[in-house]
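Student: below are the sequence and a predicted model for it; my questions follow.
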There are 2 protein chains.
Amino acid sequence: MGNKVTPRTLSGFMELLPQEQLKFDKIVRTLQDVYGSYGFLPLDTPILESAEVLLAKGGGETEKQIYRFEKGDTDLAMRFDLTVPLAKYVAKNYSSLTFPFKRYQIGKVYRGERAQKGRFREFYQADIDIIGDTKLDIVNDAEVPSIIYNIFTSLGLDDFTIRINNRKVLSGFFEILDLSENVTDILRIVDKLEKIGSDAVAKELEDLGASHEQCQEILKFIRISGTTKDVISQLRSYSGKNETFDAGVDELEAVVLGIAAFCVPEKNYKIDLCIARGLDYYTGTVYETTFNKHPEIGSICSGGRYDNLAEYYTDKKLPGVGISIGLTRLFYILSTMGYLSDTTAGADVLVIPMTQDLSYAIGTATAMRHEGIRTQIYFEQKKFKHKIGYADKLGIPFAAFIGEDEIAQGKVTLKNMSTGDQVTQPLEELIPVIRHQLDQSRGEKIIIVRD
Amino acid sequence: MGNKVTPRTLSGFMELLPQEQLKFDKIVRTLQDVYGSYGFLPLDTPILESAEVLLAKGGGETEKQIYRFEKGDTDLAMRFDLTVPLAKYVAKNYSSLTFPFKRYQIGKVYRGERAQKGRFREFYQADIDIIGDTKLDIVNDAEVPSIIYNIFTSLGLDDFTIRINNRKVLSGFFEILDLSENVTDILRIVDKLEKIGSDAVAKELEDLGASHEQCQEILKFIRISGTTKDVISQLRSYSGKNETFDAGVDELEAVVLGIAAFCVPEKNYKIDLCIARGLDYYTGTVYETTFNKHPEIGSICSGGRYDNLAEYYTDKKLPGVGISIGLTRLFYILSTMGYLSDTTAGADVLVIPMTQDLSYAIGTATAMRHEGIRTQIYFEQKKFKHKIGYADKLGIPFAAFIGEDEIAQGKVTLKNMSTGDQVTQPLEELIPVIRHQLDQSRGEKIIIVRD
């Protein structure tokens, strides 16, 4: 061969080594299992769509980042989130779907952002949404935080807070103050409270045109805190002034009462009147989830309630509630912080034949697989040291040696690669030993936060 | 809202309704589990790559079909198979990988073919490959058919034949006949034997310039049949004439002896001297798999041995053996033929609360999930008929009614949706009932071939 092409992967595209990929896949499978346990249905939409369909909403920052191109006469685009394809899917298949339609989708999306550390151009999103036909009960908004709770505790993360708010409470409150025009700016300023202090926040609010009295009202409002019960009761003190506000407080109360029924511990959720999410999209409940030890990461799971999923495609009214996890970014952060368990391996046992005739080794491996033990056979003609080194490098927990003695006695020599313990026994006696350790390590969570 | 955009999916892009998606996902998980049971490591490479990297080999039919475009200054392409990304990956990460490197990848690939029924522009491939560093033992070539066997029987298909050949046998034989120049054309003609008969084949071979004697030799050769042992022994009658041929027969014999050690039943594999696969890529063992009842489908799982995976990227010699399943096409065919089990559902139980207070219903659902039962709660305020109809439409096997009586007695009323049987008992007594049926239906294979 002449000139070689340098093998490289595009910047902003995550491509993992096998040990890391095993961890990533373990997270994906945990998510699939948790979503599945609540009856969410899997969905898989194309990565390529007609640009007209994908950009039906049009405009915005996203459009600049989109991968869009023509092939033949077709104007194509790569999906940039999983929400637009869901809207298209539900509108297109409306008459074939059963509502409420609960779906999950874990898939890659594409945004041609400026590449930087921890920012990806190709990344996985893991979304769930519950879509109603015309109506969708508020209890669904309470089930969603219980799913967030279940996701993170199943992964091994306990130290997180699900922050809950309601857009109607916010917009109602600012209507009361006659500041509806500036909601976005006000929330941006208010968000800096912890960083810059209340005086600086008041100053910025006044620069925006708020009166001294309005500033004090805003500061008083966002300082509302305590148990969910306390917060609701403080919010009730504004009742009767604005219908939107009152409806929002009712919803918020229904949601936090519901969450308690779902047995989510008090420490893992709270009302946070400062969160708002995308103001143009969410219309009721909103969620953010923060990793308490690392607030700098921002929200690791966000979402909320929207009135109308698919208004660009259909006249049907399809309200919904959903959440999204930026999986690639979350994985990158957890991996970088060293919070991922290293006990993943691609096989449970490496069978190492030491004779020319492989029948006994193959038979042993086949029997192990029938018992649900992932078993690889080392077939290459190498020195023993090399063979055992293979198990070691791949983190395979057991090696099974099969030499002439083992074959003659109808036994297998099993080595526990981490303790070095070695026993020679008939296979049927070894299987429970292997099983026992595997059950332990399979029970281990993928996220391990060390203090 | 004003004008709507018609929600549509591009032609040649498969997008399934939930019931079908459940089936597709069940196939994917079966493949992941089987591949994993042999110690294959998962791999996930980007869908977008630098066009220079993806087209390193250059030319060919594929290049016309490729989705290629520029963004900024970057010439990008969407992957059109999983082999080129694997070659890039192994060359790029050579020093971080442990060889033999066994990897599986199940992912979407893109080919802008003319769309027609059963042809897809976006489709899943499910590949496994075993890559050696410099050398790779021939036993690996025998393990691969055992994996093919395990895949299809795990999916529920028994009626298939793995056809095995060796490229060296073919090229050696045609060297003996002094017909090396025309191998591709000869194989294309020979392939029509069953359709057009031996006279017509002989005629076409003669038109190609083969002598009468050469034609008779070819026909004699491709008629070699019988047990694998018979075939090997008939091939041995050509021994000593050509080194490549002799090496090929040795390999073929090692492979078929190995397959027997892997306990693949004789009825599921045979030597087929007519199969060759991509002549420019495979260099030794080749495989095709045919569904006996439907030979018209062609091969549903193909692959073989190659000498050098990544010659366009590296000087390292990386021989390998692998197979690929065109999953989207296979799914389309099985689904169209009605060979897919309909017993998949997204939930095992639908809890139907009949009271305002949902706590008991939520508690019941949570307890069921802890027992590994996928449980959805119906939250909407609808008539009873509508609620039970929801379980029916989604094919959920059990409905659990929770009314005032159940709450008062600490019980749950469980309805088996297929038999109509209904019992009211404490949850702990119902769980084994649910489990029992779920174990049965989970044990069911996804492919059911009815005669």
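Tutor: Arrived safely.
Student: which residues does the residue of the stretch 351-451 of chain A found nearest chain B bridge with?
Tutor: Residue nearest to chain B within the stretch 351-451 of chain A (Cβ to the nearest Cβ): residue A:376, separated by 2.8 Å. Glycine gets a C-beta too; all of them are placed from N, C-alpha and C. With DSSP bridges applied, residue A:376 shows beta-bridge pairing to residue A:350.
Student: that one - how many residues pack around it?
Tutor: Neighbourhood size, residue A:376 [other Cβ atoms under 10 Å in any protein chain shown]: 27.
Student: quick one: low-confidence parts of the stretch 251-400 of chain A?
Tutor: The model of the stretch 251-400 of chain A has pLDDT under 70 over residues A:278-280.
Student: for it, what lies in contact range of chain B?
Tutor: Proximity of the stretch 251-400 of chain A to chain B (Cβ under 8 Å from any Cβ of the partner chain) is limited to residues A:258, A:261-263, A:310-315, A:346-347, A:350, A:358-359, A:362-363, A:366, A:369, A:372, A:374-377, A:379-381, A:390, A:393-394, A:396.
Student: which of these are buried?
Tutor: A:258, A:261-262, A:310-314, A:346-347, A:350, A:358-359, A:362-363, A:366, A:369, A:374-377, A:379-380, A:390, A:394, A:396 (16 or more other Cβ atoms under 10 Å in any protein chain shown).
Student: how far away from the center of its chain is stretch A:95-102?
Tutor: Distance, stretch centre to chain centre, for stretch A:95-102: 24 Å (Cα atoms, centre = their mean, to the nearest Å).
Student: can you map out the helices along the stretch 51-200 of chain A?
Tutor: A:51-54, A:60-65, A:83-92, A:139-155, A:167-176, A:183-190, A:193-207 (DSSP state H, counting those that start in this stretch).
Student: rebuild those as JSON lines, extending it with distance to residue A:449 and mean neighbour count.
Tutor: JSON lines is the format used below for those (distance: least, Cβ to Cβ, whole Å; neighbours: other Cβ atoms under 10 Å in any protein chain shown):
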{"stretch": "helix A:51-54", "distance to residue A:449": "38", "mean neighbour count": "20"}
{"stretch": "helix A:60-65", "distance to residue A:449": "33", "mean neighbour count": "12"}
{"stretch": "helix A:83-92", "distance to residue A:449": "30", "mean neighbour count": "24"}
{"stretch": "helix A:139-155", "distance to residue A:449": "10", "mean neighbour count": "23"}
{"stretch": "helix A:167-176", "distance to residue A:449": "32", "mean neighbour count": "22"}
{"stretch": "helix A:183-190", "distance to residue A:449": "30", "mean neighbour count": "17"}
{"stretch": "helix A:193-207", "distance to residue A:449": "23", "mean neighbour count": "14"}
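Student: those: which one's closest to residue B:231?
Tutor: The closest of the helices of the stretch 51-200 of chain A to residue B:231 is helix A:83-92. By Cβ to Cβ, the value is 51.3 Å.
Student: for the residue nearest the centre of chain A, name its beta-bridge partners.
Tutor: Residue closest to the mean C-alpha point of chain A, counted by Cα atoms, centre = their mean, is residue A:325 at 3.3 Å. Beta-bridge partners of residue A:325, counted by DSSP bridges, are residue A:126.
Student: related to what we said a few turns ago, quickly, which of the helices of the stretch 51-200 of chain A bottoms out on average pLDDT?
Tutor: Among the helices of the stretch 51-200 of chain A, helix A:60-65 has the lowest mean pLDDT, at a mean of 78.
Student: show me the contact partners of that helix.
Tutor: A:55, A:80, A:81, A:111, A:112, A:113 (Cβ atoms under 8 Å, 6 or more residues apart in numbering or on different chains).
Student: now do 6 Å
Tutor: Residues outside helix A:60-65 that contact it (Cβ atoms under 6 Å, 6 or more residues apart in numbering or on different chains): A:80, A:111, A:112, A:113.
Student: who's in contact with the residue of the stretch 351-451 of chain A closest to chain B?
Tutor: Contacts of residue A:376 by Cβ under 6 Å, 6+ apart are A:347, A:350, B:39.
Student: and of the contacts of helix A:60-65, the nearest to residue B:159?
Tutor: residue A:80 (44.4 Å).
Student: for that closest one, give its distance to residue B:330.
Tutor: 30 Å (Cβ to Cβ, to the nearest Å).
Student: please apply the same query to residue A:316.
Tutor: 35 Å.
Student: those two - which one has more neighbours?
Tutor: Between residue A:316 and residue B:330, counting by other Cβ under 10 Å, residue B:330 is the more crowded of the two (21 against 15).
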